[in-house]
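Engineer: sequence first, then the predicted structure, then my questions.
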Amino acid sequence: MADKILESLTAKTLFDLRGVVAVVTGGGTGIGMMISSTLVANGATVYIIGPAQGDLDKLAASLFHNAQLHNVSTWGRMYGLQGDIRLKSEAMRLAAEVGKREKSITVLFNNAGINHSHYERPPATATAADYVAACFDGVSEGDFTDTITTNAVGPYWLTFAFLPLLERWKAHGTKFAPQVIMTSSMNGWTKDPATCGFSFPYLFSKSALGHATAALAHELLPLGVRVNGIAPGLFPTQMTTHSSDSLGRSTLPPDYTPGFEVPTGVGTPRDMGTLALFLVANWYVNGETVLIDGGTLLKHPSSY
């Protein structure tokens with residue numbers, strides 16, 4: 001009896017994701033890739049959504065080739081789907097496409113995001129005109145709208161478009177519970193725009209997404225579909241490095257300085273992957289956004 005109890009509590013049992021179907025927007029690069037590759041490594045079937053089908057196919061084929069090469073039967077599979085997550089019509093199309101291939105999904109990661117319209121902070125002696133020049137004249141209406149739409153509005157459309165597939169998962173009676181997970185940001189709480197490279201559109205969008213996470217969790221209680229969030233700090237991604245390799249990974253240059261304090265250094269794929277596993281496997285967390293920022297908001301003023 002004791003051995004069975006202990007076996008049920010091992011990491012390989014708790015985080016055995018065989019049978020799990022996940023959808024990860026922006027899943028081919030950065031934090032999305034950290035999440036999607038961790039899910040695949042633990043047995044899940046993962047659909048990554050991004051702007052270029054060819055890039056997604058190459059990534060999925062590379063991972064599957066490695067699984068075959070090393071004869072790892074416990075790894076899952078990855079499939080790429082091109083889509084524009086900003087649009088309501090695309091959300092419906094993507095859900096329909098996944099629905100053709102799967103009876104249900106376990107988890108939707110609304111992860112894709114952009115960070116535009118950065119400004120240079122005026123000095124302490126600045127006048128109102130200096131702030132207008134930096135924060136108003138230098139921010140385009142198009143960039144502001146695109147950032148809000150991509151980071152906050154798109155996840156709304158996708159959540160409801162995939163909701164029927166999430167609800168169907170309950171009929172399987174498995175050990176996992178259906179869930180939507182939002183990639184928000186520590187910048188949803190910070191009062192210091194330095195922590196996001198001085199972009200108010202980004203700050204506004206992530207604040208909106210953080211509140212939406214809790215509100216949607218409340219609204220969807222009757223369905224048994226949970227909604228949680230991840231609030232990353234500094235991780236090496238295309239957003240911070242403006243580049244990535246063939247496997248969607250980014251590396252910060254040795255001389256990189258973020259411009260704000262990060263007490264425990266830059267986050268790693270392992271940090272993000274273990275958090276994703278926890279949220280997928282846990283039934284009891286709902287309506288929460290988990291801060292994973294290396295202690296950054298302990299150093300910078302925030303509402304966290």
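Structural biologist: On my side now, so go ahead.

Engineer: got the CA coordinates for stretch 261-271 in CSV?
Structural biologist: Extracted in CSV, the C-alpha atoms of stretch 261-271 (Å, rounded to 0.1, in the frame of the first residue of the first chain):
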residue,chain,number,x,y,z
GLU,A,261,16.9,45.3,-10.8
VAL,A,262,16.4,41.5,-11.0
PRO,A,263,17.6,40.1,-7.7
THR,A,264,17.9,36.4,-8.8
GLY,A,265,18.9,36.9,-12.4
VAL,A,266,17.2,36.0,-15.7
GLY,A,267,14.5,33.3,-15.8
THR,A,268,15.2,30.0,-17.6
PRO,A,269,13.1,27.5,-19.6
ARG,A,270,13.1,25.2,-16.5
ASP,A,271,11.6,28.0,-14.4
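
Engineer: who touches that stretch?
Structural biologist: Contacts of stretch 261-271 from elsewhere in the structure, counted by C-beta atoms under 8 Å, 6 or more residues apart in numbering, are 33-34, 37-38, 232-236, 249, 252, 292-296, 298-300. No exception for glycine: its C-beta is placed from N, CA and C like everyone else's.

Engineer: can you tell me how far the residue nearest to the spatial centre of the chain is from residue 229?
Structural biologist: Computing the C-alpha centroid of the chain and ranking residues by C-alpha atoms, centre = their mean puts residue 111 first, at 2.9 Å. Separation of residue 111 from residue 229 (C-beta to C-beta, to the nearest Å) stands at 11 Å.

Engineer: what sits in contact with each of these two?
Structural biologist: Residues touching both residue 111 and residue 229 (C-beta under 8 Å, 6+ apart) are 181-183.

Engineer: now the helices for the stretch 1-150 of the chain?
Structural biologist: 2-8, 11-14, 30-41, 53-69, 88-101, 128-132, 141-148 (DSSP state H, counting those that start in this stretch).

Engineer: of the ones you listed, which shows the lowest average pLDDT?
Structural biologist: Least confident of the helices of the stretch 1-150 of the chain, judged by mean pLDDT, is helix 53-69 with a mean of 77.

Engineer: sorry, back to before: can you turn the buried part of the shared contacts of residue 111 and residue 229 into a PyMOL selection?
Structural biologist: Listed next is the PyMOL selection for buried residues among the shared contacts of residue 111 and residue 229, using 16 or more other C-beta atoms under 10 Å:
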select buried, resi 181+182+183
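
Engineer: which one of the shared contacts of residue 111 and residue 229 is nearest to residue 18?
Structural biologist: Nearest to residue 18 out of the shared contacts of residue 111 and residue 229 is residue 181 (C-beta to C-beta; 19.4 Å).

Engineer: quick one: the closest one is in a strand?
Structural biologist: Yes: judged by DSSP: H, G, I helix; E, B strand; the rest coil, residue 181 forms part of a strand.

Engineer: residue 260 versus that one, what's the distance?
Structural biologist: 26 Å.

Engineer: over to residue 163?
Structural biologist: 37 Å.

Engineer: so which of the helices of the stretch 1-150 of the chain gets nearest residue 21?
Structural biologist: helix 88-101 (8.0 Å).

Engineer: give me the helices and strands touching that closest one, please.
Structural biologist: Other helices and strands packing on helix 88-101, by 3 or more C-beta pairs under 8 Å, 6 or more residues apart in numbering; DSSP states H and E, are strand 21-25, strand 77-82, helix 154-161, helix 163-168.
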